[in-house]
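>>> Next input, structure requested:
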Amino acid sequence: MSATGSAPDHSAARRRRASEMIQRAAGPLWIGVCLVGAIVIAVPLALGLPSLAAAGVLVLLCLAACLHAVQRGDELFRRAAHLVYLVALLAVAYAVFGLGLAPVITVYFPALVLLGAAHILGARAAIFWSVPSLVLVALAVAFPQPENTVSPLITFVVRAATLVTILGFAVTFRRSHDRQAEELRLHATTDALTGLANRREFDRALSEALDRARRFDRRGAIVYIDLDGVKRVNDESGHASGDDLIRTVANRISDNTRAVDTAARIGGDEFVVLLSEVDPTGGGETAARNLLDSLCQPAEIGGRSITPSASIGVTHFPESGRSAADLLRIADDAMYRAKRAGGRRVVVGEGASPDEAEASSAQEH
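Take a look at the predicted model:
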């Protein structure tokens, strides 16, 4: 039985996503709330309306609730963020229609809402909150404006703060998008338990290596590794210890392969290493024996010392075959011969003759 990853903790996943969300949005959110605070606190005070400043306290309380909600899960965080937008929209509406600040506020307000909501809550929420903000701007343009008594300094501060907020959202949104794209790429190409390449990424790397070998007359090798005794570790110490063993072995494989090579986990306790270029006279076998020596060192697993063991099969290309399927089959067969012979050893697989390899490659293409 192979060691497998533990069942996903959906609550932990939600908390993790919420934490990532708040980390991406915290800075722009603070700036945005400071802008609203400037509108509903500083401006009313400058106009001799201290009672309106109480609205600023409500905004800050909403922000505190939003930041606290991240500790409870992403759904509660989203609700708190919507509350912040609602309070901000009402505050701006009062500033426009009650204080005559439409020329000061509505110039950038829709862009601020669009970028902010898209960054914090997603595209659908951005559309949702942009609609009332655009309606507010349209009404402000048509609404007869009272005489504007706001000083030029306050006007400058409000507009500057809005511009800074928009730029902050734009920059952090782009960075967030780049991080998400990188996370998706890693998810598609790496094994979740070990961080090594997954089968899809290994197949891509092998295809490229075979192409280079054909074009530039290079020699490479495939090292197929199967751990011995993982079932016993699972039965005696539990699957968590089995996972620790898998990760320990993966780290040792990664530490003993070159940057130009590709190490992958392709099964529960099966690994494969693509050596993109080796010495034609047994370079792959030498690398495999070095890997075996490294893997078979004692390790602390589940509170006790365990000495991993592995059966390793090796095949060289292009002399053993020119197709990925043939090479993997030959390495797999060699690995099973090593396991049947008692494990903890390296067996080199013998492939087709050069003429047979050429015929196989022709049929593949």
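
>>> which other helices and strands contact the strand or helix carrying residue 215?
Assigning secondary structure by DSSP states H and E places residue 215 in helix 199-216. In this structure, helix 199-216 makes packing contacts with helix 152-189, strand 220-228, strand 262-265, strand 270-275, strand 309-317, helix 324-340, judged by 3 or more C-beta pairs under 8 Å, 6 or more residues apart in numbering; DSSP states H and E. Backbone N, C-alpha and C define where each C-beta goes, glycine included.

>>> Give me the residues contacting it.
188-190, 197, 218-220, 222, 262, 264, 266, 272, 274, 276, 317-318, 322-324, 327 (C-beta atoms under 8 Å, 6 or more residues apart in numbering).

>>> Grab the CA positions of it and hand them over as PDB.
C-alpha atoms of helix 199-216 as PDB (Å, rounded to 0.1, in the frame of the first residue of the first chain):
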ATOM      1  CA  ARG A 199       3.700  13.100 -13.800                       C
ATOM      2  CA  ARG A 200       2.500  15.700 -16.300                       C
ATOM      3  CA  GLU A 201       5.600  17.900 -15.800                       C
ATOM      4  CA  PHE A 202       7.900  14.900 -15.900                       C
ATOM      5  CA  ASP A 203       6.400  13.800 -19.200                       C
ATOM      6  CA  ARG A 204       7.000  17.200 -20.600                       C
ATOM      7  CA  ALA A 205      10.600  17.300 -19.500                       C
ATOM      8  CA  LEU A 206      11.200  13.800 -20.800                       C
ATOM      9  CA  SER A 207       9.800  14.800 -24.200                       C
ATOM     10  CA  GLU A 208      12.100  17.800 -24.400                       C
ATOM     11  CA  ALA A 209      15.100  15.700 -23.300                       C
ATOM     12  CA  LEU A 210      14.500  13.100 -25.900                       C
ATOM     13  CA  ASP A 211      14.200  15.800 -28.500                       C
ATOM     14  CA  ARG A 212      17.500  17.300 -27.500                       C
ATOM     15  CA  ALA A 213      19.100  13.900 -27.400                       C
ATOM     16  CA  ARG A 214      18.000  13.300 -31.000                       C
ATOM     17  CA  ARG A 215      19.100  16.700 -32.300                       C
ATOM     18  CA  PHE A 216      22.400  17.100 -30.500                       C
END
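
>>> Now do the buried residues in that helix.
Judged by neighbour count using 16 or more other C-beta atoms under 10 Å, the buried positions of helix 199-216 are 201, 202, 203, 205, 206, 209, 210, 213.

>>> circling back to that earlier point, now, of the contacts of helix 199-216, which are buried?
Buried, going by 16+ other C-beta under 10 Å: 190, 197, 218-220, 222, 262, 264, 266, 272, 274, 276, 317-318, 322-324, 327, out of the contacts of helix 199-216.

>>> tell me the average confidence for stretch 281-292?
The pLDDT scores in stretch 281-292 average 88.

>>> who touches that stretch?
Taking C-beta under 8 Å, 6+ apart as the rule, stretch 281-292 contacts 219-223, 225, 252-253, 256-257, 273, 275, 278-279, 310, 312, 314-316, 344-346, 348.

>>> per-residue confidence averaged over stretch 219-230?
90.

>>> for stretch 126-145, same thing?
For stretch 126-145, the per-residue pLDDT averages 78.

>>> May I see the buried residues of stretch 83-90?
So stretch 83-90, judged by 16+ other C-beta under 10 Å, has buried residues 83, 84, 85, 87, 88, 89.

>>> Checking the first one next. Helix, strand or coil?
Think residue 83. helix (DSSP: H, G, I helix; E, B strand; the rest coil).

>>> so who does residue 346 touch?
285, 288, 289, 292, 312, 313, 314, 338.

>>> now the helices and strands packed on helix 199-216 as a markdown table including distance to residue 141?
Shown next, in a markdown table, are the helices and strands packed on helix 199-216 (distance: least, C-beta to C-beta, whole Å):
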| stretch | distance to residue 141 |
| --- | --- |
| helix 152-189 | 17 |
| strand 220-228 | 69 |
| strand 262-265 | 60 |
| strand 270-275 | 64 |
| strand 309-317 | 71 |
| helix 324-340 | 65 |
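
>>> looking at these, which has the lowest confidence?
Among the helices and strands packed on helix 199-216, helix 152-189 carries the lowest mean pLDDT (a mean of 70).

>>> Just the buried residues of the contacts of stretch 281-292.
219-223, 225, 252-253, 256-257, 273, 275, 278, 310, 312, 314-316, 344-346, 348.

>>> that older thread, would you show me how to pick out the buried ones of the contacts of residue 346 in PyMOL?
To isolate the buried members of the contacts of residue 346 in PyMOL, using 16+ other C-beta under 10 Å:
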select buried, resi 285+288+289+292+312+313+314+338
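
>>> Just give me the closest of the contacts of residue 346 to residue 306.
residue 292 (16.1 Å; C-beta to C-beta).

>>> sec struct for the closest one, please.
helix.

>>> Residue 124 versus that one, what's the distance?
54 Å (C-beta to C-beta, to the nearest Å).

>>> same thing with residue 91?
24 Å.

>>> Residue 182 too?
24 Å.

>>> Same check on residue 79?
Distance from residue 79 to residue 124, by C-beta to C-beta: 15 Å.

>>> Same check on residue 110?
Counting by C-beta to C-beta - residue 110 and residue 124 are separated by 17 Å.
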